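**Student:** Give the three-dimensional model of this entry:
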Amino acid sequence: MSVLLLVILFFGLVPLHSAGVLYSSQSTQTTSSATSSTQTTCPLELEVTYVSASPGSVTVGATVTVDFRVVIYTLEEYLGCVSNPVTGLQTGSFILSPEGAPLASMLGALQSSQATEHDNVTLSPGANPGEYLAEIQVTQNDPTGNVLVYVKAESLQTAVKGTVYIGPTANVSSVQTEDTSDFSAVNVRVKEQPSVWAQLMQSNALPLFILAALIILIILISVLARRKRKPNSKR
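**Tutor:** Got it, this is the predicted structure:
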């Protein structure tokens, strides 16, 4: 009787064990599939994280230096997307737009009729990796008053391990970055024309003018002196 009971229990537990193994395998496959479907992906565009412009006040014809930083994101195991400084950039484009004027954020489109572009400006490396400097000469066509300097959308390009990266995805000034230490606003003033007297003071014409006036004055004094001596000579 006990042997028969053991046989019954053995053949009854084997199907249950097989079903448990099958369920566990299916659950593992489902979890793995869900994990792969939600795998983290990093942005494929260059991102500008900092934009500053100096000096803060210039006149038309002066040069503004733009200091900006660029990063790219790579996927690191256990860390997710990690930002890395971008090196090797050669040129970039910039936009000068009146502060507060509507400026489209995507694809560098200009909505402000007063905004101007400075394309393919040569870049030089900054003090830190991923940092760049650009010099922009303010012209008479550029807006005046309070002006924001933007890094133009999709104007930066580099290749990393055979993959070409372009960015930023939108026009970026200090207003768009999360860094609170940058400031890309510049006050642009029209250069005042000096007065005629100031122009004379700054040129070689003033000494000549004074010399001519002295000569004329000496001649007048000499003529007046001769007229006074004529009555005395008749006597």
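**Student:** and residue 208, that's in a strand?
**Tutor:** No. Residue 208: not assigned to a strand; according to DSSP: H, G, I helix; E, B strand; the rest coil it is helix.
**Student:** Distance of it relative to residue 222?
**Tutor:** 21 Å (C-beta to C-beta, to the nearest Å). Quick note: C-beta positions are derived from backbone N, CA and C, even for glycine.
**Student:** neighbours around residue 210, how many?
**Tutor:** 11 (other C-beta atoms under 10 Å).
**Student:** begin at 8 from here
**Tutor:** Fine by me, first position is 8 from now on; the one you just mentioned is residue 217.
**Student:** what's it in contact with, if anything?
**Tutor:** For residue 217, no contacting residues are found, by C-beta atoms under 8 Å, 6 or more residues apart in numbering.
**Student:** Also residue 106?
**Tutor:** 152, 153, 154, 155, 192.
**Student:** so the closest residue to the last one other than its chain neighbours bridges to which residues?
**Tutor:** If you skip the residues right next to it in sequence, residue 192 has residue 155 as its closest partner in space, 5.6 Å away by C-beta to C-beta, 6 or more residues apart in numbering. On DSSP bridges, the residues paired with residue 155 through beta bridges are residue 104, residue 192.
**Student:** Am I right that residue 155 is in contact with residue 191?
**Tutor:** Yes. The pair formed by residue 155 and residue 191 meets the contact definition of C-beta atoms under 8 Å, at 6.0 Å.
**Student:** got any residues that touch both of these two?
**Tutor:** Shared contacts of residue 155 and residue 191, counting by C-beta under 8 Å, 6+ apart, come down to 180, 181, 182.
**Student:** shouldn't the last one be in contact with residue 155?
**Tutor:** Yep, that's residue 182 we're talking about. Yes. Counting by C-beta under 8 Å, residue 155 is a contact partner of residue 182 at 6.8 Å.
**Student:** thinking again about what came up before, now the buried members of the shared contacts of residue 155 and residue 191.
**Tutor:** 180, 181 (16 or more other C-beta atoms under 10 Å).
**Student:** pLDDT, distance to residue 225 and secondary structure for the shared contacts of residue 155 and residue 191 - can I get that in CSV?
**Tutor:** Formatted as CSV, the shared contacts of residue 155 and residue 191 follow (pLDDT from 0 to 100; distance: C-beta to C-beta, whole Å; DSSP: H, G, I helix; E, B strand; the rest coil):
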residue, pLDDT, distance to residue 225, secondary structure
180, 96, 65, coil
181, 96, 65, coil
182, 95, 67, coil
